[in-house]
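Asker: give the three-dimensional model of this entry:
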Amino acid sequence: MKFLLDSCISIFALNELKKAGFEAIWVPELGKDPGDEIILKKAFEEDYVLITADKDFGDLIYVLGMPHPAVIRLVNVPVKEQGKILLQIIEKHKVDIENKAIISADRFRIRIRPSI
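Answerer: This next block holds a predicted model:
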């Protein structure tokens, strides 16, 4: 499993994923932010799980019908806790992630929407 972290996700999360042995890329490492549509397309085409805090990806998927990978959206998660929460989600919801679910998580709950 490999991950593409949107620019709104902290470098702490990137480091935690790499420390756990996952392949992870942070959008700012790629240069100028190309915008949500390009990020979603890259994640889908290159089989990355997209990690974001941005709700606009839901509009691209549900309103515009763009093809999508699994998406994990962290909602109001403090930057230093993002990595820990991501690792918990990956461990507990691996099958949902493999099935390209849309997962929204805050510090207290997780909501999973199956792939459309």
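
Asker: and Thr111, backbone torsions?
Answerer: Quick fix: residue 111 reads Arg, not Thr. phi -120, psi 130 (degrees, to the nearest 10).

Asker: so which strand or helix has the residue lying closest to it once chain neighbours are set aside?
Answerer: Distances taken as Cβ to Cβ, 6 or more residues apart in numbering put Ser104 closest to Arg111, at 4.7 Å, once the chain neighbours are dropped. Using the backbone N, CA and C atoms, a C-beta is placed for each residue, glycine as well. Assigned by DSSP states H and E, Ser104 belongs to strand 102-105.

Asker: with just CA atoms, put that strand into CSV.
Answerer: Written as CSV, here are the backbone C-alpha positions of strand 102-105 (Å, rounded to 0.1, in the frame of the first residue of the first chain):
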residue,chain,number,x,y,z
ILE,A,102,-13.8,7.0,1.2
ILE,A,103,-12.9,7.3,4.9
SER,A,104,-13.4,10.3,7.0
ALA,A,105,-11.9,10.4,10.5
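
Asker: ok, that strand: who's next to it in the sheet?
Answerer: Applying DSSP bridges, strand 102-105 is found paired with strand 71-74 (parallel), strand 110-113 (antiparallel).

Asker: residues in contact with the residue nearest to Arg111?
Answerer: 73, 75, 110-111, 113 (Cβ atoms under 8 Å, 6 or more residues apart in numbering).
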